[in-house]
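Asker: Output the structure for:
(2 chains)
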Number of protein chains: 2
Amino acid sequence: MKRRGLLIIVSGFAGSGKGTIMKRLVEEYENYALSVSMTTRAPRPGEVHGREYFFVSKEEFERKIKEGGLIEYASYVENYYGTPRAYVEEQMAAGKDVVLEIEIQGALKVRERYPDAVLIFVLPPSVEELYRRLKNRGTETEDVVRKRMSRAAEEAGIIERYDYIMINDEVAGSVRRLHNLIESAHLTPGRNEEFIRGIQNDLVRLWKGEE
Amino acid sequence: MKRRGLLIIVSGFAGSGKGTIMKRLVEEYENYALSVSMTTRAPRPGEVHGREYFFVSKEEFERKIKEGGLIEYASYVENYYGTPRAYVEEQMAAGKDVVLEIEIQGALKVRERYPDAVLIFVLPPSVEELYRRLKNRGTETEDVVRKRMSRAAEEAGIIERYDYIMINDEVAGSVRRLHNLIESAHLTPGRNEEFIRGIQNDLVRLWKGEE
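Answerer: Numbers count the residues shown, from 1 in each chain, chains lettered A, B, ... in the order given. Below is the predicted model of the structure:
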């Protein structure tokens, strides 16, 4: 019985550590494919087309929108960012669980189109720890850190709309728990209709009324 | 943060191997308590009060019913069988996940009272395998095996009302998957309200509007 892949949507505050966890998840287990976004912004030094992003022109991006070729998209600082549909659906059909890191508004939009998607919100163990992590990155000014914390305060009200939370206290454990969570999500009856129907049919055909 | 235990209800066809899995689950991991049923039938040789069952008189059982001291009960071949409420609730309050092996009708009744219970249906890999396991027990006549298979045919229609299915192909793997499944069930927002509210309150109190 070949199982169909799930669409796994991961969100979290800046500083929650979600990026690290997802990178490790895809490295450590074979059943995942990381969705690569499409953008109109220019590549930065070291960024590779098809790895960090698919870098395309504004015209190409807008053609994709018209064709319905994007699961969701948004514009940010005059550039488009979106999730190409074809890759996601190919990988799911091939049995891969496709992991999509996306902010909250995008996540809820994707859920409308893919009601079977699994939404996971990565949380820090505490607000103090979130602040500490953002400060310790060392790359951001105090002003940016304040903005990130303020943004988190706005986003926090939406946590309950996710299917699961993942408290990221320590990377290795979080990766393992995230993997177990996704494996467990495969075990709902709705995601095993074919197998269940097979068992039901065989039982009824061969054994019904045999008492 | 101390987590509250969950009520885990496990059902499955005779021959699905659910009893073995649950015994091993409770042996291998510390966070479980196996619910012990109460019955009015006489103990068989080797059975211990409080281990296999709580053996009580008919009067005591009926008093328990009247007091609301049973989560569910049924009578079968002129004897009562039921699940004492006190033990289940004490263990959950102490943070243990309470595992309750119970047939389908009882499981659905328990769910009415405990909407947060997690219902898991253990399935054999195939109907042929189910038949083989029942035959290989060697303790049952062909007639009993037919009855069990026929009963399974009647029960099969209800699988979709469970939260999860567990395909028991091999014991060690099934025990591990069952444990992971229960750990994952702890990660829904509804089961972490206190933690989420703590994060929300701290963020809003300290950082809202700091931009």
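Asker: isn't residue A:152 right up against residue B:207?
Answerer: Yes - between residue A:152 and residue B:207 there is a contact under CB atoms under 8 Å: 6.8 Å. (C-beta placed from N, C-alpha, C; glycine too.)
Asker: Compare these two (neighbour count), which wins?
Answerer: residue A:152 (26 against 23; other CB atoms under 10 Å in any protein chain shown).
Asker: How confident was the prediction at that one?
Answerer: In this model, residue A:152 is scored at 92, pLDDT.
Asker: Next: residue A:211.
Answerer: Value listed for residue A:211 in the pLDDT field: 59.
Asker: Could you do residue A:68 as well?
Answerer: 94.
Asker: do residue A:189 as well
Answerer: Confidence for residue A:189, expressed as pLDDT, is 97.
Asker: OK, contacts around it?
Answerer: Contact analysis of residue A:189 by CB atoms under 8 Å, 6 or more residues apart in numbering or on different chains lists A:196, B:121, B:159-160, B:162-165.
Asker: can you rerun that using 7 Å?
Answerer: The neighbourhood of residue A:189, defined by CB atoms under 7 Å, 6 or more residues apart in numbering or on different chains, consists of A:196, B:159-160, B:162, B:165.
Asker: so which of the residues you listed is the most crowded?
Answerer: residue B:162 (25 neighbours).
Asker: from memory it sits against residue B:118, does it?
Answerer: No - applying CB atoms under 7 Å, one finds residue B:162 not in contact with residue B:118, separated by 9.1 Å.
Asker: What distance do you get for residue A:106 to chain B?
Answerer: From residue A:106 across to chain B, the span is 19 Å (CB to the nearest CB, to the nearest Å).
Asker: Nearest residue to that residue in space, ignoring adjacent ones along the chain?
Answerer: residue A:72 (4.7 Å; CB to CB, 6 or more residues apart in numbering or on different chains).
Asker: Write down the beta-bridge partners of that neighbour, one by one.
Answerer: residue A:83 (DSSP bridges).
Asker: swap in the one 4 residues further on?
Answerer: The partner list for residue A:76 in beta bridges (DSSP bridges) reads residue A:79.
Asker: show me what contacts residue A:201?
Answerer: Contacts for residue A:201 (CB under 7 Å, 6+ apart) come out as none.
Asker: Name the helix or strand for the closest residue to residue A:5 other than its chain neighbours, please.
Answerer: In space, and not counting its chain neighbours, residue A:5 is closest to residue A:92: 3.8 Å by CB to CB, 6+ apart. Taking DSSP states H and E as the criterion, residue A:92 maps to helix A:85-93.
Asker: returning to what we had before: so the residue nearest to residue A:106 is in contact with residue A:109, correct?
Answerer: Yes - the criterion here is CB under 7 Å, and residue A:72 meets it with residue A:109 at 4.6 Å.
Asker: Comparing the two, which residue is more hemmed in?
Answerer: residue A:72 (22 against 16).
Asker: hmm, back to that, looking at the contacts of residue A:189, which is nearest residue B:57?
Answerer: Closest to residue B:57 out of those is residue B:162 (34.4 Å), distances taken as CB to CB.
Asker: So which bits of chain A are right by chain B?
Answerer: By CB under 7 Å from any CB of the partner chain, the part of chain A that sits against chain B consists of A:123, A:127, A:146-147, A:149-150, A:152-153, A:156-157, A:159-160, A:162-166, A:180-181, A:183-184, A:187-189, A:192, A:196, A:199-200, A:202-204, A:206-211.
Asker: Just the buried ones among those residues, please.
Answerer: The neighbour-count test (16 or more other CB atoms under 10 Å in any protein chain shown) marks A:123, A:127, A:146-147, A:149-150, A:152-153, A:156, A:159-160, A:162-166, A:180-181, A:183-184, A:187-189, A:192, A:196, A:199-200, A:202-204, A:207 as buried among these.
Asker: Give me the subset of the contacts of residue A:189 that lies in strands.
Answerer: residue B:165 (DSSP state E).
Asker: Dump the contacts of residue A:189 to JSON lines, plus pLDDT.
Answerer: As requested, the contacts of residue A:189 are arranged in JSON lines below (pLDDT from 0 to 100):
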{"residue": "A:196", "pLDDT": "96"}
{"residue": "B:159", "pLDDT": "95"}
{"residue": "B:160", "pLDDT": "95"}
{"residue": "B:162", "pLDDT": "97"}
{"residue": "B:165", "pLDDT": "97"}
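Asker: how near is residue A:186 to residue A:162?
Answerer: 18 Å (CB to CB, to the nearest Å).
Asker: what ranges do the strands span in chain A?
Answerer: Assigned strands in chain A, in chain order: A:7-12, A:32-34, A:37-39, A:53-55, A:70-76, A:79-84, A:97-101, A:118-123, A:164-167 (criterion: DSSP E).
Asker: for the second one, packing partners?
Answerer: Translated: strand A:32-34. Strand A:32-34 sits against helix A:18-28, strand A:97-101, with contacts defined as 3 or more CB pairs under 7 Å, 6 or more residues apart in numbering or on different chains; DSSP states H and E.
Asker: same check, this time on the fourth one
Answerer: Taking 3+ CB pairs under 7 Å, 6+ apart as the contact definition, the neighbouring helices and strands of strand A:53-55 are strand A:37-39.
Asker: same question for the strand it packs on, mean pLDDT?
Answerer: 94.
Asker: for it, packing partners?
Answerer: strand A:53-55, strand A:79-84.
Asker: hey, which of these is tucked in deepest?
Answerer: Neighbour counts (mean count of other CB atoms under 10 Å in any protein chain shown) averaged over each of these peak at strand A:79-84, with a mean of 20.
Asker: which outside residues touch that one?
Answerer: A:35, A:37-41, A:54, A:61, A:69-74, A:100.
Asker: Which members of those are classed as buried?
Answerer: A:35, A:37-40, A:54, A:61, A:69-73, A:100.
Asker: Among these, which one sits closest to chain B?
Answerer: Proximity of those to chain B (CB to the nearest CB) peaks at residue A:100, which lies at 18.6 Å.
Asker: what is the closest one paired to in the beta sheet?
Answerer: For residue A:100, the beta-bridge partners under DSSP bridges are residue A:9.
Asker: check contacts around it.
Answerer: Residue A:100 touches A:7-10, A:35, A:83, counting by CB under 7 Å, 6+ apart.
Asker: Show the pLDDT at it.
Answerer: Note on residue A:100: pLDDT of 94.
Asker: Quick one: residues contacting the residue nearest to residue A:5.
Answerer: Counted by CB under 7 Å, 6+ apart, residue A:92 has contacts A:4-5, A:7, A:98.
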